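Student: What follows is a protein structure lacking sequence information:
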RNA sequence: AUUAUAUAUCGGGUAGUUGCCCCGAUUCUACGGAAUCGAGGGAGGAAAGUCCGAACACCGUCCCGAGCCACGCCUUUGGCGGGGCGAGGGACAGAGACAGUGGCUAACAGCCACGCUUUCCCGCCGAAAGGCGGGAGGGACAGACAGCGCAACAGAAAAUAUACCGCCCCGAGGAGUAAGCCGAGGGGUAAGGGUGAAAUCGUGCGCCCCGCCAAGCGGGGUAAAGUAAGAGCGCACGUCCCGCUUUGGCAACAAGGCGGGAUGGCAAACACUUGUCCGGUGCAAGGCCGAACUCCGACAUUUCAGUCGGAGAGUGCCGCUUGACCCCGAGAGCAAUCGAAGGGCUAGAUAAAUAACUACCGCCAAUUUUGUUCGCCAAAGGCGAUAACAAAAUUGAGCGUCCCGAGUAAUAUCG
RNA sequence: GCCACCUUAGCUCAAUGGCAGAGCAACGGUUUUGUAAACCGUAGGUUCUCGGUUCAAAUCCGAGAGGUGGCU
């Protein structure tokens, strides 16, 4: 799990959601927005349209947090990121999910490749 | 061993690497917090659905009100008078909820025990209706002689039976030599008609033998038995209802006696009746404190900026886990349940923690390959919140819903 | 967290407890040189699911499933 200082709070969520720039891939869409802090913050949103059971939604979120945690040091500072999952993304296994997330973060220029 | 039903309990394990939330200790600190350590803790039986009734918190109108506070007067260890605050209690009534009796409970529409009723099976009694006994289930189980309604189709008729066919009696009159026939109309009749879910409580009998020619009468038999005709009648039995009453039971009710009677169904039809219960909102309740920002006022100023005070404000903190708590359980009770003594502290997150990966054990209905005649099994391969159903959001009680295994107990069947 | 409502033919909707219907769409035919329109006809239903009340349930009652909307 991400430490608290890398999570998005209730207040900043609204802000990033409105002002954020969109990036898309087959399974994931991002909203990215610069923030006036010397760190990057993340959160993950899984609609109940993607996975009906809370169990599956939580699993997707847990795995994603672990992946982001691993690459946190290499990421650009000062970004607020909301990760939305699209349909069928619950069918990905761990390694495919990791590849998806890294590719789209590179696309959004949060990660250098 | 298999299947079905019911059900106490359990819900993957071990090791390693890397992490998250809470708690505790220590250190540092710009007092916001940060770092390190810890043989500290970290989802469920249904956490879910939200069908229920509670705890807890706040709020509204009226009334009662223990007590407290100050004031006035008097005949001053006291009495009287009006006023304020006020723990707590009551009423808040509608097109509301509930409905056998007793108990359990904080409370309930839940649970336990009992009663009544109903369906199926078995046995016995009886001519039948029906009754008695046993077993397995079901019952939203007050009231349909207070009102107001509903019942398609079929049927003569569907709730005040108002008679369509038939049957019986009377019969104006008609044709005819007569016998016999036809017959408007009137009266009686619910036994027959065959419908329907339901037809005015149900069942049985209305006879047999002998004597007199017969009708009829007399005698005998059977539990009992004959009218102008006709089963609305008679007799007997059964079921149910009403009134009075005896005994047993806390009660629902049961068993019996006397007398009278036969009133169909639906209240899960009604803004129907009777009885009982109920004020409202929900932890986003509510409390503390008031950041950014906005507005107002004052001060100060050439301008920009600023200082102080007030109001609004949700960044935050509390509520938030010691509780109708958990384990064990002497003892009370048919049981639900209550419970002495002893021991324990067991998630509190907030875009929301409780995990990710690896190895071994584990699991694999169906599908693929190899070994093997096949199966078992082994290996490959697949799965993994590592098995199904499924994850806290104030708390706990119940209901109903979902579901794989392990395991426990009992019955039936096969060996 | 809480509350209200809906589910009927392929689609949009009706239906006092008493034979489940309408419009559009589909299919066949008539008409036309042909198509459309028009006209005639036909088929299509587990009334979301499971129980119950009733002689009888799309309708009344209970439980479940799916969906829509609202408050905070």
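Tutor: Cool, got the structure. Keep in mind the model is a prediction, meaning the values are calculated, not measured.
Student: For chain A, which segments count as strands?
Tutor: A:21-24, A:28-34, A:41-46, A:79-85 (DSSP state E).
Student: JSON lines please, covering those and showing distance to RNA strand B, mean neighbour count and mean pLDDT.
Tutor: Where C-beta positions appear, they are placed from N, C-alpha and C, glycine not excepted. Below are these laid out as JSON lines (distance: least, Cβ to the nearest atom of the strand, whole Å; neighbours: other Cβ atoms under 10 Å; pLDDT from 0 to 100):
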{"stretch": "strand A:21-24", "distance to RNA strand B": "16", "mean neighbour count": "12", "mean pLDDT": "78"}
{"stretch": "strand A:28-34", "distance to RNA strand B": "11", "mean neighbour count": "19", "mean pLDDT": "77"}
{"stretch": "strand A:41-46", "distance to RNA strand B": "3", "mean neighbour count": "20", "mean pLDDT": "75"}
{"stretch": "strand A:79-85", "distance to RNA strand B": "7", "mean neighbour count": "21", "mean pLDDT": "77"}
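Student: Could you export those as TSV, including distance to residue A:101?
Tutor: Below are the strands of chain A laid out as TSV (distance: least, Cβ to Cβ, whole Å):
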stretch	distance to residue A:101
strand A:21-24	12
strand A:28-34	7
strand A:41-46	10
strand A:79-85	8
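Student: And those: which comes nearest residue A:68?
Tutor: Closest approach to residue A:68 among the strands of chain A is made by strand A:41-46 (5.4 Å; Cβ to Cβ).
Student: Minimum distance to residue A:65: which of the strands of chain A has it?
Tutor: Nearest to residue A:65, of the strands of chain A and by Cβ to Cβ, is strand A:41-46 at 6.8 Å.
Student: just the angle between that closest one and strand A:79-85, please?
Tutor: Angle between the axes of strand A:41-46 and strand A:79-85 is 10 degrees (criterion: axes from the mean of the first three to the mean of the last three Cα atoms, to 10 degrees).
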